[in-house]
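Engineer: My questions concern the predicted model and sequence given below.
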Amino acid sequence: MAAEKGKKEIVVLLVGPPGSGKSTFCESVMKSSHRPWSRICQDIINNGKAGSKAQCLKMAMESLKEGKSVFIDRCNLDREQRSEFIKLGGPHVEVHALVLELSAQVCISRSVKRSGHEGNLQGGRAAAVVNKMLRSKELPKLNEGFSRILFCYNDADVENAVKTYTMLGPMDTLPSGSFGLKNPDTKSQPGIMNFFKKVSAVPAASSSSTEATTPKANEKIEIVRVSPVPTLAFPSISTADFQFDLDKASDIILETAEAFLPKLGPARLVLVDLSHGSKILSLVKAKASRKNIDSGRFFTFVGDITKLHSQGGLHCNVIANAANWRLKSGGGGVNAAIFKAAGSDLEAATRARANTLLPGKAVVVPLPSTCPLLNAEGITHVIHVLGPNMNPNRPDCLNNDYTKGCKILREAYTSLFEGFLSTVQDQSKLPKRNNQATVSDSGEEDPERNKKFKGTIASNMKSGSVDDSGKKRSKGWSSWALALHIIAMHPEKHENIVLESTDHIVVINDQYPKARKHVLVLAREESVDGLEDVGRENIQLLEEMQNVGLKWVQRFQDEDPSLIFRLGYHSVPSMRQLHLHVISQDFESDHLKNKKHWNSFTTSFFRDSLDVLEEVKSQGKANVESEAVLRGELRCNRCRSAHPTIPRLKSHIRTCPSPFPHHLLQTSRLLARPDSSN
DNA sequence: GTTCTAGAAC
DNA sequence: GTTCTAGAAC
């Protein structure tokens, strides 16, 4: 009996989708265990047929009364499903969970085989069932009431678990706790697309704990995919109402798509047109096959872009809209159709990102969860694109100027594909930052100011946006990062802090000086956000910034000749608007608090103004150092000795007697008065 | 960029 | 116990 002294029954909840091996596990243990077990399987509890949870509970209680331990052989994938079985626990009954985290593919193929009805339909159903279950899976936690949880990720783990439970005699117990959990991140399962993003961002990730929801790169069976391949469906831009030449347009589509496919991983690009007789479709199709473009990853499709999944059976997670400049519904065609299908959600979501769009630009709009397009078609993002216009009855007609037109159309597709790329992967590691959005921060759009079409996508501009997986994106500038930009654009509104200004520059004190003297010379050029945006056209500007910086050094040294300065730029600025740091080398400041602060001024991340000028003159651009150096050791800027913490470093630099390194002394990178004793 | 703070390091 | 870092939130 259960009450027998020292003896404890065990309830083991198997946790896993169909085909994960729950029944096999139970049978293996029961075959040679010395402990009496009862397997309670919901699939057969009803005289061989599937039964209810209540039946399972009742039978479990009966078995426990008989002194048997029990396996609860049902999926038990979410907390709620498990909760009532956990209540079976008590002073004489322990409750364990055994989690079978095997890959979705394995589970699906096993359940297909078991059903004895191989083939697409059965396979499709099995896949659908497993996928659906995995989507709402919650891994068990000790605080649900388990005394022990064991995670298995592969056959070897399962074999060990079988041994563990087989060896368990009637009087034995197992240690409490959670065992074998490999990646605690899987405790909550975000939407299926989030998973895909995570996986595609780190293609090398092979942690088997995510395997259950990770598609293999080269899956052979379509239905086994847990997440669909990211796919962008896009209409031909500018060739309908904007009357752009079809031949030229088709060349540009192919050219830009071809350039992007290698960057997109397994993702697909699909040109869509409503009509079977579409000329642009047949042109693109013919040219694509001539160019031997991978037809699995770039193809044309006839259908309604708002109903590709439901009517066409094509799964696309992102669609492009041939938008108008006002980013509003209307005009008929694709634009009207998409706005109609997406409902008011799209207008609101668009408005949160941008108010207007310039030709050649794109804006990525994530659809809110309530959006019908998301729910009915699985579309997670709409990317609005505005192409060039050749129709005299529409705004901004280019009057047949195809030089300009082709350039803008190329930009439009590039912006679109970049936008798509940004939905596929987290781009935080991309070195280039100059593909910035050009929608104004205040939401007011000034078409005049975008003389250069260097930027491409307009997205995530309103604030530090967070993508679906919770990471901050590198695109766009958070509101705090705009402070310098705002001052540079309107110094007259900030008279209280502006020390000096000309048509091209503004000088201010750094709000959080990292040394006794620390001022910033801001460029007033609209489109130059940082060193990476600098080109030959900015040489005069760089020279003026340096001269103004030197003037301020003189001024400071007149007050205190012992001050030593460097003039330079951060390789990758945290704040928008090119700014030159004029900073004394004492680094005596309470605002200098962390490794990033120190390393940004004392490693190769800090690019001396002189060097930058020389590089721009000779090679047309400045070299920039990777942000990785910011995480390096803390080294003295004079003797280069390493120090474990910021406080220790600071106390060292207060008294370090060494001269500055050779390369700084050699040229006039380091600005010291001759009579200073350094 | 800063502030705040959990928790690692000492 | 305190010091310090590093990540999240802004």
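Structural biologist: Done, it's in. This is a predicted model, so every value here is computed, not measured.

Engineer: Poorly predicted segments of the stretch 501-650 of chain A, please.
Structural biologist: For the stretch 501-650 of chain A, applying pLDDT under 70 flags no range at all.

Engineer: For it, list the residues in contact with DNA strand C, please.
Structural biologist: Those residues of the stretch 501-650 of chain A that sit near DNA strand C, judged by CB under 7 Å from any atom of the strand, are A:594-595, A:634, A:644-648. (Glycine included, C-beta is placed from N, CA and C.)

Engineer: If we use 6 Å, what do you get?
Structural biologist: By CB under 6 Å from any atom of the strand, the part of the stretch 501-650 of chain A that sits against DNA strand C consists of A:594-595, A:645-647.

Engineer: do the same with chain A
Structural biologist: Looking at DNA strand C, the residues of chain A close enough under CB under 6 Å from any atom of the strand are A:464, A:478, A:480, A:594-595, A:645-647.

Engineer: What's the separation between the residue of chain A found nearest DNA strand B and residue A:349?
Structural biologist: Nearest to DNA strand B in chain A, going by CB to the nearest atom of the strand, is residue A:574, at a distance of 2.3 Å. Per CB to CB, to the nearest Å, residue A:574 is found 28 Å from residue A:349.

Engineer: Now restrict the residues of chain A next to DNA strand C to buried residues only.
Structural biologist: residue A:478 (16 or more other CB atoms under 10 Å).

Engineer: Now go through the residues of chain A next to DNA strand C and say which are in helices.
Structural biologist: A:595, A:646-647 (DSSP state H).

Engineer: which among the residues of chain A next to DNA strand C are in contact with DNA strand B?
Structural biologist: Okay, of the residues of chain A next to DNA strand C touching DNA strand B (CB under 6 Å from any atom of the strand), that's residue A:480.

Engineer: of all the residues of chain A next to DNA strand C, which comes closest to residue A:85?
Structural biologist: residue A:464 (43.6 Å; CB to CB).

Engineer: For that closest one, report the pLDDT, please.
Structural biologist: We have a pLDDT of 34 for residue A:464.

Engineer: Please apply the same query to the one 5 residues further on.
Structural biologist: The model reports residue A:469 with a pLDDT of 32.

Engineer: Kindly report the same for residue A:433.
Structural biologist: The predicted local confidence for residue A:433 is 35.

Engineer: Residue A:292 too?
Structural biologist: 86.

Engineer: which of the residues in stretch A:481-498 are buried?
Structural biologist: So, applying 16+ other CB under 10 Å, buried residues of stretch A:481-498: A:481-489, A:491, A:494, A:498.

Engineer: Same question for stretch A:615-624.
Structural biologist: Buried, per 16+ other CB under 10 Å, within stretch A:615-624: A:615-616, A:621-622, A:624.

Engineer: The closest residue to residue A:176 other than its chain neighbours: neighbour count?
Structural biologist: Nearest-residue entry for residue A:176: residue A:147, 4.7 Å, with adjacent residues in sequence omitted and distances by CB to CB, 6 or more residues apart in numbering. Close neighbours of residue A:147, defined as other CB atoms under 10 Å, add up to 20.

Engineer: and if you look at residue A:578?
Structural biologist: 27.

Engineer: For it, list the residues it contacts.
Structural biologist: Shown in contact with residue A:578 (CB atoms under 8 Å, 6 or more residues apart in numbering): A:522-523, A:525, A:528-531, A:533-534, A:545, A:569.

Engineer: lowest confidence element among the helices and strands of chain A?
Structural biologist: helix A:192-201 (a mean of 31; mean pLDDT, DSSP states H and E).

Engineer: quick one, what contacts the residue nearest to residue A:176?
Structural biologist: A:89, A:94-96, A:176.

Engineer: From those residues, list the buried ones, please.
Structural biologist: For the contacts of residue A:147, buried by 16+ other CB under 10 Å: A:89, A:94-96.

Engineer: Give me the subset of those lying in strands.
Structural biologist: A:94-96 (DSSP state E).

Engineer: As TSV, those residues with distance to residue A:652 would be great.
Structural biologist: Converted to TSV, those look like this (distance: CB to CB, whole Å):
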residue	distance to residue A:652
A:94	57
A:95	57
A:96	55
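
Engineer: would you turn these into CSV with pLDDT and distance to DNA strand B?
Structural biologist: Shown next, in CSV, are those (pLDDT from 0 to 100; distance: CB to the nearest atom of the strand, whole Å):
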residue, pLDDT, distance to DNA strand B
A:94, 91, 28
A:95, 93, 27
A:96, 93, 26
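
Engineer: So what does the closest residue to residue A:587 other than its chain neighbours look like in phi/psi?
Structural biologist: In space, not counting the residues next to it along the chain, residue A:587 is nearest to residue A:515; the distance is 4.9 Å by CB to CB, 6+ apart. The phi/psi pair for residue A:515 (degrees, to the nearest 10) reads phi -160, psi 180.

Engineer: can I assume residue A:515 is in contact with residue A:581?
Structural biologist: No: taking contacts as CB atoms under 8 Å, residue A:515 lies outside contact range of residue A:581: 9.5 Å.

Engineer: got a pLDDT number for residue A:273?
Structural biologist: For residue A:273, pLDDT reads 93.

Engineer: Pull the contacting residues for it.
Structural biologist: Residue A:273 touches A:235-236, A:280-281, A:300-302, counting by CB under 8 Å, 6+ apart.

Engineer: near DNA strand B at all, the host helix or strand of residue A:580?
Structural biologist: Applying DSSP states H and E as the criterion places residue A:580 in strand A:579-584. No: Strand A:579-584 is not in contact with DNA strand B by CB under 6 Å from any atom of the strand; minimum separation 9.0 Å.

Engineer: Okay, now the unreliable bits of chain A?
Structural biologist: If you take pLDDT under 70 as the line, chain A has these spans: A:1-5, A:112-125, A:183-227, A:425-475, A:676-678.

Engineer: circling back to that earlier point, could you list which of the buried residues of stretch A:481-498 belong to strands?
Structural biologist: Per DSSP E, the buried residues of stretch A:481-498 map to strands at residue A:498.

Engineer: so residue A:268 touches residue A:233, yeah?
Structural biologist: No: assessed by CB under 8 Å, residue A:268 is found out of contact with residue A:233, at 9.0 Å.

Engineer: more crowded one of those two?
Structural biologist: Neighbours were counted for residue A:268 and for residue A:233 using other CB under 10 Å; residue A:233 has more, 25 against 21.

Engineer: for DNA strand B, what are the nearby residues on the stretch 351-500 of chain A?
Structural biologist: residue A:480.

Engineer: Which parts of the stretch 351-500 of chain A are helices?
Structural biologist: A:372-377, A:402-424, A:483-489 (DSSP state H, counting those that start in this stretch).
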